[in-house]
Each structure stands twice: as C-alpha cells, then as structure tokens.
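Novice: Take a look and give me a structure for this.
(one chain, ligands or ions: 2)
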Amino acid sequence: MFITIEGIDGSGKTTLVNSLRKIFDNIHFTREPTDKFQLANLKTLSTPFNSFYNFFLFTYDRLEHQDEINGFKNVICDRYLASSIAYEGPMIEELFGDKKETVLWMLEVSKMLKLPDMIIYLDAHLDVALERIRNSRKNLNFRGKQLSILEEKEGLKAIQDYYEYFLGNIEMFTKKQIKIERINANSPMEDVLYKAKNIINKTIEK
Ligand SMILES: Nc1ncnc2c1ncn2[C@@H]1O[C@H](COP(=O)(O)OP(=O)(O)O)[C@@H](O)[C@H]1O
Ligand SMILES: Cc1cn([C@H]2C[C@H](O)[C@@H](COP(=O)(O)OP(=O)(O)O)O2)c(=O)[nH]c1=O
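Specialist: Ligands and ions are numbered 1, 2, ... in the order given. Sure thing, here's the model as predicted:
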C-alpha cells in the first residue's frame, strides 16, 4: 500500500509522521522533498513562471523517488504529488486560465509517477495552522520571502482551495481508485494520531 500524508503548512503532518514511525515497524516512511532535493534551487516567490519551474524541480525529485517508493510493500510519504498541485497549481493556473486544465496538465506531466492508494488529508483551519506556524517559529515556506500576516494567510488559502478542489474531485482526475481520508487536524494531536492509526491499520497489507 502507498499512502501519502497531505495538508497545508502547520496542519501537523511532520508531527503525526514522527509518531507513526514509532508505532509501525512494518511500514517504510519517506517524505518529499527528499533529502536529495536542492531547496536552494527553488525560485523565490510564487509567480506563474517560477511556480512552473518549481513544479518541474519537485517532479524531478519525485521521479528519482520512485525506486524507493516501489521498493517496499507498505510506504507512507509525508507530502507527494497533491502537494505540487496545491502549492504550484494556484500560480500555474494563470498560464492556463482554468483550474481543471491546470490539474489535468500537472497530472499529465506526472503520468510516469506512481499514484498513492490512499491520501490522508490533515484538514486544519487557516487560523489554527498560522497560529501553530507562528508558535513553532517555522517561517512559512514561500521561497524565503518574509511575508506579511495577510500575505501568509492569502497564500495558505490558495493552497487549501487547491487541495479541496483536487481531493474533492479526485475521481474526475485519476482512473486509479485513490481513497481520500480526511482528518480534522484542529483537534489535539493525540486525536489525530488515534484516527490516523486506525485508518492505517485497516489499510496496510499485513
Ligand atoms: N493537532 C495539533 N495540536 C496541537 N499542536 C499541533 C498539532 N499539529 C501540529 N501541531 C504543532 O504545530 C507545529 C507545526 O506542526 P508540523 O507537524 O510541523 O506541521 P506541518 O508538518 O504540517 O507543517 C508544531 O509545533 C506542532 O507541534
Ligand atoms: C513536495 C512539495 C512540497 N512543496 C512545498 C511545501 C512546503 O512548504 C515545502 C517543503 O518544505 P518542508 O520544510 O518540508 O515543509 P513541510 O514541513 O511543510 O513539508 O515545499 C511544494 O511546493 N511542492 C511539492 O511538490
């Protein structure tokens, strides 16, 4: 089984995955961008051309990631293709002028990549996520530019809208049956972990 964990910055993916690693010894855990990814190569700021460029950097990283993903019976990946759609989609859409065309093109470019069997989406309210990011002093990853609170919120909202659009219409975009499991990530981490554990236990191949 290939499961990916998705959600906006501050939704709790990294914290959840760190706990899951301690529980499941029969699952191979990985993440994107991989350690090989040169974050420094990312174009700063989100503009249509820069997001177009960054999408190919992440897609190349994902292509190099395939052997590892295909090498284990059960894999959980912290961020994958849906992150590219959510983070690069909003600006690439300005090149297509249409959400559906944008997602269809990004999936076409990603055609040679394995699709997950399941996506666990940590659904956090924008204000909750922003508060956590601020508390954890993790600067928002918008290519290194210090953003105002409004810019941060607008940026995260555009990402969240793309996640909702893609995951909400997944059967329109992929022939493969991808199960979407949505967890309310505003709850305390122990609740999120409890739900994720049950979902994973029911899904992984023994
Ligand atoms: N459900 C939660 N309840 C309380 N705090 C959380 C929760 N999820 C994450 N946090 C805190 O919010 C911050 C960001 O969490 P993190 O796991 O890095 O999110 P992500 O990887 O999705 O960006 C961390 O300080 C973490 O401890
Ligand atoms: C995998 C992926 C990540 N990203 C973004 C999401 C994150 O803000 C950043 C990854 O940096 P990272 O420090 O891993 O952030 P996080 O802990 O939230 O995953 O790159 C993309 O824009 N496209 C992608 O395809």
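Novice: tell me which element residue 65 falls in.
Specialist: helix 48-70 (DSSP states H and E).
Novice: quick one: is whichever helix or strand comes after that helix near ligand 1?
Specialist: Proceeding N to C from helix 48-70, the next assigned helix or strand is strand 75-78, under DSSP H and E. No. If you take CB under 6 Å from any ligand atom as the test, strand 75-78 misses ligand 1, and the best it gets is 7.3 Å. All C-beta spots, glycine's among them, are computed from the backbone N, C-alpha and C.
Novice: And the helix holding residue 65, what does it pack against?
Specialist: Secondary-structure packing of helix 48-70 (3 or more CB pairs under 8 Å, 6 or more residues apart in numbering; DSSP states H and E): strand 28-31, helix 81-96, helix 99-109.
Novice: ok now the second one, how far from the chain's centre?
Specialist: The gap between where helix 81-96 is centred and where its chain is centred comes out at 12 Å by CA atoms, centre = their mean, to the nearest Å.
Novice: For residue 78, which residues are in contact?
Specialist: When contacts are counted by CB atoms under 8 Å, 6 or more residues apart in numbering, residue 78 touches 4-5, 13-14, 17, 29-32.
Novice: check those against ligand 1, which are close?
Specialist: Restricting the contacts of residue 78 to those touching ligand 1 (CB under 6 Å from any ligand atom) yields 13-14.
Novice: Now do the buried residues in the helix holding residue 65.
Specialist: By 16 or more other CB atoms under 10 Å, the buried positions in helix 48-70 come out as 50-51, 54-55, 57-59, 61-62, 65, 69.
Novice: For whichever residue of the chain sits closest to ligand 1, give me the pLDDT.
Specialist: Nearest residue of the chain to ligand 1 (CB to the nearest ligand atom) works out as residue 12 at 2.8 Å. According to the prediction, residue 12 has pLDDT 97.
Novice: Run a quick check on it versus residue 124, I expect a contact.
Specialist: Yes. Counting by CB atoms under 8 Å, residue 12 does reach residue 124; the two are 6.8 Å apart.
Novice: Does stretch 105-119 reach ligand 2?
Specialist: No. Stretch 105-119 stays clear of ligand 2 (CB under 6 Å from any ligand atom), getting no nearer than 9.9 Å.
Novice: Alongside ligand 1, which residues does the protein contribute?
Specialist: Residues of the chain lying near ligand 1 (CB under 6 Å from any ligand atom): 7, 9-15, 132, 136, 185, 188-189, 192.
Novice: could the residues you listed go into CSV alongside distance to residue 106 and secondary structure?
Specialist: Formatted as CSV, these follow (distance: CB to CB, whole Å; DSSP: H, G, I helix; E, B strand; the rest coil):
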residue, distance to residue 106, secondary structure
7, 19, coil
9, 20, coil
10, 24, coil
11, 21, coil
12, 25, coil
13, 21, helix
14, 24, helix
15, 28, helix
132, 28, helix
136, 29, coil
185, 24, coil
188, 34, coil
189, 31, helix
192, 28, helix
